[in-house]
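Novice: fold the following and give me the result.
(one chain, ligands or ions: 2)
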Amino acid sequence: MAGTPAQDDLTCAVCGEVAEASLWLSECFSCGRYFHLSPYNADSGMAGKDCGDAVLGESLGVETHCGDCIEAERRTAEAAVGPGRARAESMVRTLFGDELPLPPPSPPAPSERRPFRRVEDD
Ligand SMILES: [Zn+2]
Ligand SMILES: [Zn+2]
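Specialist: Ligands and ions are numbered 1, 2, ... in the order given. This is a model prediction of the structure:
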């Protein structure tokens, strides 16, 4: 049999379950532990477990991060700016990357709206 796993401990660092094969595990880019990540489940039709996420890094290709590191990063962000703001920022980052700045947390009161008059056929 080919494909002997490099690591013989197939325990997921996030949920503590032992994976059936090293195929289901990825190494965390941040902490170096192995966790469930199954990028192949869509093709194989097998239900894979995800205890982390894979994101596109700036220079090193795909970076994988375990759920613990993602959670820790999220908590840090929340502590810094507040939960709502952190969620909004991460959403914007997911959609647009780091290039699109958000408006300030407390937007100024909306100025008087000028109603548009629609042209209707009477
Ligand atoms: Zn897991
Ligand atoms: Zn990690």
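
Novice: check the secondary structure at residue 53 for me.
Specialist: Under the three-state scheme (DSSP: H, G, I helix; E, B strand; the rest coil), residue 53 adopts strand.

Novice: distance of it relative to residue 63?
Specialist: Residue 53 sits 9 Å away from residue 63, going by CB to CB, to the nearest Å. All C-beta spots, glycine's among them, are computed from the backbone N, C-alpha and C.

Novice: what's the nearest residue to residue 26 if we skip its chain neighbours?
Specialist: Of all residues not flanking residue 26 in the chain, residue 37 sits nearest, at 3.9 Å (CB to CB, 6 or more residues apart in numbering).

Novice: actually, residue 52.
Specialist: Using CB to CB, 6+ apart, the nearest residue to residue 52 is residue 66, at 4.1 Å.

Novice: ok so, going back, look at the residue nearest to residue 26 and say how many residues are nearby.
Specialist: 27 (other CB atoms under 10 Å).

Novice: what sits against it?
Specialist: 24-26, 48, 50-54, 64 (CB atoms under 8 Å, 6 or more residues apart in numbering).
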